[in-house]
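# What would the 3D arrangement of this be:
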Amino acid sequence: MIRIKNAVLHILDRDAGMPVISKEPLELRVEMKEYLCNHLEKFMDSGSIKEGHFIEVAEEFLQVNEDNFMETSARLAGNFYSFMEEEANVPDSDLIYVYFEFAGKMHMAMLKYNYKSAYVHDVEYDGAIIRNRLVKQIRIIANEKQSADEGYIVNLEEMNVQLIEKKVEINGKKENYISDHILNVAAELPLKDQHRIIEDTCNKIIQKQVSDPVSGYFKVADAVRKSVDGEEKVIDVQRFVGEVELMPDLAQELSLTLKAKGIKNEVKMNAAIEKKVAKSRKIITEEGIEITIPENCNVEEMLDFKTNTDGTTNITIKGIGEYRAR
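Sure, this is the predicted structure:
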């Protein structure tokens, strides 16, 4: 459960000529707390989130507490704006800094809302004449059902970092500017990319062992599910390699390839990844016929694939008790 202690909005708009630093915190009424909690939860549950650790911890995070939070946030926002002045490709934005407790530990978050354009209505009164217009607003940020564009959360006790960032061009090269330049953090790949690498790499290697690519795909998906440690919310990569049941040389090739691509022995999961792992799977033929495989079904026990001499494939559904049309 998230318990918000304090929050403040700072505005980083180059048109203002300077960072607009608030001297007062946000009023933490029920509606505002719900907004911030929703966005923090969406942030932590995003598949785009990266896990990282400080190469060198900034003094602000070592010393921040509830009493000096406002001063600390102002200094961090000022540093961010100074970097923006040097790098034109970093978008203008509103920054919301949040000091909060989660899982019994204090955290500090920076939620970054890049500006978007939208139209709102405006009513003009000219005597008895009413004139309705559409007016373009150019500094729109996310509503309560959306999420922050970028940002970070620092666990102030363990000093680890979770972040979401977009690459921008710096000196002619696309870079992770928040982790590399703002925070000085060594970050892993986003969780969704780590899971994609595991599945894509294994799908390529397993084709050397199985004749049918579809059955190989489902074997990989089943192996991912079986290798999840439910309590720790991680995928045990070595267990995954074992669950795929590759020949010894291919199993070794898979382990070495995953390691070379930066995949560690354990890959964390959050709500977005859990949903992806648990989802049902489908077979879709070129004629448009769909077979949906429920998440808990063993594909090898349920289906039989037979390749014909003409290159087509017969798919047999085995052991059907009841069936109906819908």
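# what about the residue nearest the centre of the chain, is that helix, strand or coil?
Nearest to the geometric centre of the chain sits S48, at 2.2 Å (CA atoms, centre = their mean). Assigned state for S48: coil (three-state reduction, DSSP: H, G, I helix; E, B strand; the rest coil).
# ditto for Y323
Under three-state DSSP, Y323 comes out as coil.
# Kindly report the same for I96.
Per three-state DSSP, I96 ends up strand.
# State the pLDDT value of it.
You'll see I96 listed with a pLDDT of 98.
# Could you report the neighbour count for it?
Using other CB atoms under 10 Å, I96 has 23 other residues around it. Any C-beta I mention is one placed from the backbone N, CA and C, and that applies to glycine too.
# Would you check that it makes contact with Y113?
Yes. Using CB atoms under 8 Å, I96 is in contact with Y113, at 7.2 Å.
# Next, show the common contact partners of these two.
Common neighbours of I96 and Y113, counting by CB atoms under 8 Å, 6 or more residues apart in numbering, are A148.
# Which residue ranges of this protein form helices?
In the chain, the helices defined using DSSP state H lie at 30-44, 59-63, 69-86, 177, 191-206, 213-226, 237-244, 248-260, 271-278, 299-302.
# follow-up on the earlier one: residue contacts, the residue nearest to the centre of the chain?
Contacts of S48 by CB under 8 Å, 6+ apart are I164, P190, L191, K192.
# Next, the contact list for E51, please.
Going by CB under 8 Å, 6+ apart, E51 touches N160, V161, Q162, A187, E188, L191, K268.
# I'd like the contacts of S48 laid out as JSON lines, including neighbour count and distance to K208.
Compiled in JSON lines, the contacts of S48 are given as follows (neighbours: other CB atoms under 10 Å; distance: CB to CB, whole Å):
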{"residue": "I164", "neighbour count": "22", "distance to K208": "36"}
{"residue": "P190", "neighbour count": "18", "distance to K208": "28"}
{"residue": "L191", "neighbour count": "22", "distance to K208": "28"}
{"residue": "K192", "neighbour count": "16", "distance to K208": "26"}
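# Name the nearest of those residues relative to Y125.
Checking the contacts of S48 against Y125 with CB to CB, the nearest one is I164 at 44.4 Å.
# E34 reaches E41, doesn't it?
No. With contact defined as CB under 8 Å, E34 does not count as touching E41 (10.5 Å).
# quick one: which of those two has more around it?
Taking other CB under 10 Å, E34 and E41 do not tie; E41 has more neighbours (14 against 11).
# Quick check: nearest residue in space to the more buried one, chain neighbours excluded?
Leaving aside its sequence neighbours, E41 sits nearest to I2 (CB to CB, 6 or more residues apart in numbering; 7.0 Å).
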